[in-house]
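Asks: with the sequence up front, the predicted model follows.
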Amino acid sequence: MIIWQADFYKHLSQENEQNTTWNLIICNQKSKIIHQASCQQSEANSNWLIKELDYLVKEYSPDIIKVFRPQCLSLFQLVGETLGVKIEGTRRTPILKQIIKEKYPNSIKLEQPPPQAIPESLWGDKWRFAAFKAGDFFDYFSDRPIPIKDLPKPLNPINLGVASNINIPGVVIYGGRQSMFLARWLANNQPVALNYIPTEINQSGGLILESGLVDRWVLLTFEDSEMAQAAQQYEQQKEESQGLHFLLIQPDDSGMTQTGIWLLKQEEI
């Protein structure tokens, strides 16, 4: 499978603020730059992109072009429709981001909206922190008949060099009758990371879900000192697991069935 990572972004010249250009950069999974080009702001549209990518797509036939920047995703989607290539919006474009950071250090950071509350109709019955040994995680969950499953191969603990005895921390939500509705909502919003944000150290806080390209959601809140300490331990375990963590949706605490599983890792935006 041929996968490219692409970006099309506005660059303000430090020498001349009036000289605004848009830079196109495309790379493959092996850190090789496939194509680079620039245009004036007046030319920055889907027609220009189509002309730039037409030959490349016909020559190399990429299966997927991944795009992390919301401002240019719709432009690439028009390119995809015209040239017949799949466009995927995702934060997980680490190779491209590293290339851009080296060339234009201030061109990666994206603005994020304030966290939004998830719909009350999706709230589960209860939840808890949990942990799973890195060496067992993929084998256990990849073979389970779980309806909604997102276990990206690049996040396989083995690929990241995470020792098999390291705990991968996570959160388990018992959704009850809402279990499938919650799992589908999560799948549509593309979970990326789940971070503990304290409101009062050792006393209260919440879990903020990073999803999509820049979205944030208040998934859970609590005012409990024991839970706050458990949340701090959860964050410490994330450091030990190289940022890997998971979100698991189950109907109940019987352990017999799971509705959805996501392996997560914070991505720079």
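Replies: Here it is on my side, so go on. Source: prediction; values computed, not measured. Residues are numbered from 1 along each chain as shown.

Asks: checking the one residue sitting closest to the centre of the chain next. Helix, strand or coil?
Replies: Geometric centre of the chain, nearest residue: residue 192, 3.4 Å, by CA atoms, centre = their mean. Under the three-state scheme (DSSP: H, G, I helix; E, B strand; the rest coil), residue 192 adopts strand.

Asks: low-confidence ranges in this structure?
Replies: The model of the chain has pLDDT under 70 over residues 13-18, 106-107.

Asks: what about the strands in it?
Replies: 3-12, 20-28, 33-40, 64-67, 86-89, 116-117, 126-133, 148-150, 167-174, 191-200, 204-211, 215-223, 245-250, 260-264 (DSSP state E).

Asks: among those, which comes closest to residue 46?
Replies: Closest approach to residue 46 among these is made by strand 3-12 (9.9 Å; CB to CB). C-betas here are computed from N, CA, C, even on glycine.

Asks: that closest one: partners in the sheet, and parallel or antiparallel?
Replies: Strand 3-12 sits in its sheet next to strand 20-28 (antiparallel), strand 64-67 (parallel), going by DSSP bridges.

Asks: most packed of those?
Replies: strand 64-67 (a mean of 22; mean count of other CB atoms under 10 Å).

Asks: got the strands of the chain as CSV, with distance to residue 139 columns?
Replies: Shown next, in CSV, are the strands of the chain (distance: least, CB to CB, whole Å):
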stretch, distance to residue 139
strand 3-12, 25
strand 20-28, 30
strand 33-40, 35
strand 64-67, 27
strand 86-89, 27
strand 116-117, 36
strand 126-133, 10
strand 148-150, 14
strand 167-174, 13
strand 191-200, 22
strand 204-211, 26
strand 215-223, 27
strand 245-250, 14
strand 260-264, 13
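
Asks: mind checking which of those is nearest residue 232?
Replies: Nearest of those (CB to CB): strand 191-200, 7.1 Å.
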